[in-house]
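J.: Mind looking at a prediction? Sequence and model below.
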Amino acid sequence: MGFVDEVPVPASEDWADWLVYARALSGAGDPRGEAIRLEHRGVPADDPELAALYRRVEREAGLDGLRADGSWQLGWSRGFLDTAVFRLTEENGPTGEAGPAEGTGSAGETGPRRRALVLRLLAELPHGGTHDPDDPEQWEAALVDVLLRHPAAGRLRRLELHLTDHHHSAGRAAAALAARQRPRLAELYLGHHYDTLFELHRTSAGRPLEVERYLHDPVVPHGTGRALWPALPALRSLELEGAFLFDDVVHEELTHLRTRGAVFSDGSLFGTSTPGLVTLEVEIDHDVHGTVGSNLQLEELAPTGYPRLRHLDLGAAVFEPEEDGDLVLLAGSPLLPQLESLTVRELVIEDTGAEPGPLEVLAGLAPRFAHLELRVEGDIEVEGADERELERVLAALGREPGAP
């Protein structure tokens, strides 16, 4: 592979150890030695000499085609990949029913080039499982698999995987990450974009994919998902986007979790085993059937499951109220006293004709939120309330008039 991995990698971040490592690499003819010395002298990442050295590293490691392909954006530090972002570009993304190799223009030209690249990478570099290079929907999985299994990716600190053919690539990516310990990977995004939850997904070949087929049978296979989280001991920030990607997340030290969509295979929003979470952000909206989940799911937010949670952001979460509005339900949550900030999508209290009235209900709730910073992203509607009286009650919630 042209990538020296026999020399022990320093366990510390001390430059003295890394300069010894650099001398050993240079003695073995590895250009990373000179790159490390330049970095030690404070040369910026965009320095032409340093960039040229890392392009040479990529060529000798067999990774040069990835940069030309345009799908991977790679950042190097101390001789290893430090950041990596995967996303199909407009030139190599979904092109409609014709498929990438049959279209016109740059997308039509990309298909043969990418197939040739995949064939070379699979022949020259380690990878897991079987990839079919004649299936364009498996090319993404191959490109992700070979990079994450390469020794150069052993010190990744930040990784983003914006997937298109996630029915193949999400599981392969998780398996590749789980194949070795990732002692520095602190930030991870994994998922696929969508406009409306559970919409018909289009693969890179333009074929339709029903995402609801993965309900209770996640995109990332059960065993692979269970193996992933122990391999990421340094993971602190995780973002998942899409539908039914994992069974759950089991991680003791994760501090920041953001989910967009119904990312867990049973459709739950809060069923994780993440006791170290400090910040939780949840985005969920109407699905293609025009339905939303019940706000009774908020009852799953309990101190036993989230003992360190301090910041809860539901500003982009829509729930169907079963009985009371979201704020009323949260006011009775045993989790509320430990929060330092809370963001809700809207503050709506309707007049049910019962006593007390909506404004009195809000006034009664205010003391329960007095200890935290409360933000409302959208509308504030307290049915029948006098505007000045409403402002007075909102002030008791710690909100200035007109504040978001």
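T.: On my side now, so go ahead. Residues are numbered from 1 along each chain as shown.
J.: what sits against residue 155?
T.: 9, 77-78, 80-82, 183-184 (CB atoms under 8 Å, 6 or more residues apart in numbering). (Each C-beta comes from the backbone N, C-alpha and C, glycine too.)
J.: Could you rerun that using 6 Å?
T.: Listed by CB atoms under 6 Å, 6 or more residues apart in numbering, the contact set of residue 155 reads 80, 184.
J.: Look up how far residue 68 lies from it.
T.: When CB to CB, to the nearest Å is applied, the distance between residue 155 and residue 68 equals 24 Å.
J.: same check, this time on residue 371
T.: From residue 371 to residue 68 the distance is 55 Å (CB to CB).
J.: Settle it for me: which of the two has more neighbours?
T.: Set residue 371 next to residue 68 and count neighbours by other CB atoms under 10 Å: residue 371 wins out with 13 against 10.
J.: Wait, a helix at that one?
T.: No: the assignment for residue 371 is coil, going by DSSP: H, G, I helix; E, B strand; the rest coil, so no helix is present there.
J.: Can you report phi and psi for it?
T.: Backbone torsions for residue 371, taken as degrees, to the nearest 10, come to phi -90, psi -10.
J.: any idea how far it is from residue 310?
T.: For residue 371, the distance to residue 310 under the criterion CB to CB works out to 11 Å.
J.: pLDDT on the top helix by length along the chain, on average?
T.: Looking only at the chain and at elements set by DSSP state H, the helix with the highest residue count is helix 105-124. Confidence over helix 105-124 (mean pLDDT, whole number) is 82.
J.: Over to stretch 324-335?
T.: The predicted model assigns stretch 324-335 a mean pLDDT of 88.
J.: Show residues contacting that stretch.
T.: When contacts are defined by CB under 6 Å, 6+ apart, stretch 324-335 is touched by residues 295, 298, 301-303, 319, 344, 347-349, 365, 368.
J.: In it, which residues are buried?
T.: Going by neighbour count (16 or more other CB atoms under 10 Å), the buried part of stretch 324-335 is 324-331, 333, 335.
J.: how far does it stretch from start to finish?
T.: According to CA to CA, to the nearest Å, stretch 324-335 extends 18 Å from its N-terminal end residue to its C-terminal end residue.
J.: ok, now stretch 265-276?
T.: End-to-end distance for stretch 265-276, by CA to CA: 22 Å.
J.: Can you give me the buried ones in that stretch?
T.: In terms of neighbour count (16+ other CB under 10 Å), stretch 265-276 has its buried residues at 265, 269-270, 272, 274, 276.
J.: Could I get these in CSV, plus columns for pLDDT, distance to residue 353 and secondary structure?
T.: Rendered in CSV, the data for the buried residues of stretch 265-276 read as follows (pLDDT from 0 to 100; distance: CB to CB, whole Å; DSSP: H, G, I helix; E, B strand; the rest coil):
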residue, pLDDT, distance to residue 353, secondary structure
265, 95, 42, coil
269, 92, 32, coil
270, 89, 33, coil
272, 88, 39, coil
274, 96, 42, coil
276, 97, 45, coil
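J.: nearest to residue 47, of the residues you listed?
T.: Using CB to CB, residue 276 is the member of the buried residues of stretch 265-276 that sits closest to residue 47, with 38.0 Å.
J.: so who does that closest one touch?
T.: Residue 276 makes contact with 252-255, 308 under the criterion CB under 6 Å, 6+ apart.
J.: Output those in CSV; the columns should cover neighbour count, pLDDT and secondary structure.
T.: What follows is these, written out as CSV (neighbours: other CB atoms under 10 Å; pLDDT from 0 to 100; DSSP: H, G, I helix; E, B strand; the rest coil):
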residue, neighbour count, pLDDT, secondary structure
252, 11, 96, coil
253, 13, 97, coil
254, 22, 98, coil
255, 19, 98, coil
308, 13, 98, coil
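J.: Kindly indicate which of the residues you listed lies nearest residue 131.
T.: Residue 131 has its nearest neighbour among the contacts of residue 276 in residue 254, at 30.5 Å by CB to CB.
J.: Excluding residues flanking it in the chain, which one is nearest that closest one?
T.: residue 274 (4.9 Å; CB to CB, 6 or more residues apart in numbering).
J.: Residue 337 too?
T.: Beyond its immediate neighbours in the sequence, the residue positioned closest to residue 337 (CB to CB, 6+ apart) is residue 371, lying 7.2 Å away.
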